[in-house]
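Need coordinates for the following:
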Amino acid sequence: MINKLNEVFDKVLSSINESKTEIFEITEEIHNEYKELQIKIEIIKEKVQNIIKEVDGLEVLEKNSRKKLLKVSRDFTVYTELDIHKAYEEANILQIQLNVKREEEKKLLQQRSEMEIRLKRLGETLDKAENLTSRISIVEEFLGSTFKDIHSTVEDMKQSHIFGRKIINAQEEERKRIAREIHDGPAQSLAGLVIKAEICNKLLDIDTDKARVELHELRECTRESIKDIRKIIYNLRPTAIDDLGLIPSLERYIENFENETKIPIDFTIFSKNDLNLNDSIKNLSIFRIIQEALNNIAKHSKATNVKVNINIDEENIYLDIMDNGIGFDLESVKSESREDRGFGLLNIEERVKLLRGNLIIETEKGKGTLIKVQIPTIDKKVGVEI
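Numbering: from 1, shown residues only. Below is the predicted model of the structure:
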């Protein structure tokens, strides 16, 4: 019976591995196409910039030629019929050239727009493919590790299955949060950029001074959008954790948080010399817990002072995050459904559970909030370091 089960799982893992390879190849093809399209868009953008300069130059020449034609036509006693004819021909040629260039500009802009739409769709498809590859990897790793010796204990298999589902749920919650950040931040800003670009395009023929002002605002909005995007990218995976470690990364994040929110933070580390946080998953989880707590404070607490304490002994890591804000009704929040509850507290709760830790929240309206987290350095149930 056990041999049969092992045989079944071997076939399942083999099938999953083959599917993973195929999906990876598809993802690579999409990625290459995405990169090629990005290069083409950059080339189109350069062409657009060049043709805009040509159109601007022709508009000046065409405007001057019309002035000259008007002057020659009025002073017919001074200018000959040949002069009038030449002025008319010059104005007509410039008008034709200008119309041709404008049509080229229009076609290039339309081509760029179509390519950008296609790039966006490719990006969405690429995200889905990478997401699917990631999920298959999780399933493969889960099955490979959990069911390798399935006959050893059925209970451990059940616990591992539940743990794997929690990981996937936590990932989905994180993706929802990221989607909301992008929708409320860069997506809105980029929509505004499109509108400003259209305004600039219309003003170029009407009021160049106003167009310059709008272009200046467009540039500033673009910078802010880039700043928001970089912030989201950093929040997705703070590379400083891998390069510098947990504590320096937290110190940098807290410094940035203080600069952005103007809320001072008293950051204290106990037993710093004894810290042994070499596990990247644990480091990132601790970073995220503190990040989520501070985000909640910035958004909801109206606090003027925050304290963050980290303490570690031989068995546990302790986190205390305190603020002097307005607090909230904890029982009321607990009674709400998961959909209605704030995602910040849910993310903290899920991360603590995944690390087999304990979470205590002490709060009261008008009296601030204290978040206490205890995370074991050793998984006591299975006796391995996490």
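
For the stretch 151-300 of the chain, give me the ranges with low pLDDT.
Filtered on pLDDT under 70, the stretch 151-300 of the chain yields the residue ranges 151-177, 179, 181, 183-187, 230-243, 271-280.

for it, what spans make up the helices?
154-182, 188-203, 208-236, 240-244, 246-261, 280-296 (DSSP state H, counting those that start in this stretch).

Skipping adjacent residues, who's closest to residue 293 in space?
Spatial nearest neighbour of residue 293, chain neighbours left out: residue 321 (4.4 Å); criterion: Cβ to Cβ, 6 or more residues apart in numbering. Using the backbone N, CA and C atoms, a C-beta is placed for each residue, glycine as well.

Within the sheet, what are the partner strands of the helix or strand hosting that neighbour, with directions?
In this structure, residue 321 sits in strand 316-323 according to DSSP states H and E. Strand 316-323 has the following strand partners under DSSP bridges: strand 306-312 (antiparallel), strand 369-376 (antiparallel).

for it, which positions count as buried?
Applying a neighbour-count criterion of 16 or more other Cβ atoms under 10 Å, the buried positions in strand 316-323 are 317-319, 321-323.

again with stretch 326-335
By neighbour count, and taking 16+ other Cβ under 10 Å as the criterion, the buried residues in stretch 326-335 are 326-328.

doesn't residue 266 make contact with residue 254?
No - taking contacts as Cβ atoms under 8 Å, residue 254 lies outside contact range of residue 266: 9.8 Å.

Distance check, the residue nearest to residue 293 against residue 119.
In this structure, residue 321 and residue 119 are 41 Å apart, going by Cβ to Cβ, to the nearest Å.

do residue 43 as well
Counting by Cβ to Cβ, the separation of residue 43 from residue 119 is 13 Å.

who has more neighbours, the two?
Neighbours per residue, other Cβ atoms under 10 Å: of residue 43 and residue 119, the larger number sits with residue 119, 16 against 12.

coming back round to it: now do the contacts for the residue nearest to residue 293.
Counting by Cβ atoms under 8 Å, 6 or more residues apart in numbering, residue 321 makes contact with 290, 293-294, 297, 306-309, 370-371, 373.

Make a PyMOL selection of the buried ones in the residues you listed.
The PyMOL command for the buried members of the contacts of residue 321 (criterion: 16+ other Cβ under 10 Å) is given here:
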select buried, resi 290+293+294+297+306+308+370+371+373
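
now the contacts of residue 321 as a markdown table including distance to residue 194?
Shown next, in a markdown table, are these (distance: Cβ to Cβ, whole Å):
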| residue | distance to residue 194 |
| --- | --- |
| 290 | 37 |
| 293 | 36 |
| 294 | 33 |
| 297 | 34 |
| 306 | 38 |
| 307 | 44 |
| 308 | 40 |
| 309 | 46 |
| 370 | 45 |
| 371 | 41 |
| 373 | 43 |
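
Does the residue of the chain positioned farthest from its centre belong to a helix, a strand or coil?
In the chain, the greatest distance from the average C-alpha position (Cα atoms, centre = their mean) is reached by residue 77, at 69.7 Å. Judged by DSSP: H, G, I helix; E, B strand; the rest coil, the three-state class of residue 77 is coil.

And the pLDDT for it?
The model reports residue 77 with a pLDDT of 72.

The one 5 residues further on too?
Listed pLDDT for residue 82 reads 82.

Please report the distance of it from residue 264.
Here the criterion is Cβ to Cβ. By it, residue 82 lies 81 Å from residue 264.

Looking at these two, which is more packed in?
For residue 82 versus residue 264, neighbours defined as other Cβ under 10 Å are more numerous around residue 264 (12 against 8).

residues in contact with that one?
Contacts for residue 264 (Cβ under 8 Å, 6+ apart) come out as 258, 304-306.

And residue 134, by the same measure?
Contacts were defined as Cβ under 8 Å, 6+ apart; by that measure residue 134 touches no other residue.

could you dump the helix or strand where residue 362 lies to PDB, C-alpha only?
Element membership of residue 362 [criterion: DSSP H and E] is strand 358-363. Once side chains and other backbone atoms are set aside, the C-alpha atoms of strand 358-363 remain, and they are given as PDB (Å, rounded to 0.1, in the frame of the first residue of the first chain):
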ATOM      1  CA  ASN A 358       2.100  34.700  19.300                       C
ATOM      2  CA  LEU A 359       0.500  38.100  18.700                       C
ATOM      3  CA  ILE A 360      -1.100  40.300  21.400                       C
ATOM      4  CA  ILE A 361      -2.700  43.700  20.600                       C
ATOM      5  CA  GLU A 362      -3.500  46.000  23.400                       C
ATOM      6  CA  THR A 363      -5.500  49.100  22.500                       C
END
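
who does that strand pair up with?
Counting by DSSP bridges, the strands paired with strand 358-363 are strand 369-376 (antiparallel).

Average pLDDT for the strand it pairs with, rounded please.
Summarised as a single mean, pLDDT over strand 369-376 is 93.

now stretch 302-320
90.

Do me a favour and get the end-to-end distance for it?
Counting by Cα to Cα, to the nearest Å, you get 19 Å between the two ends of stretch 302-320.
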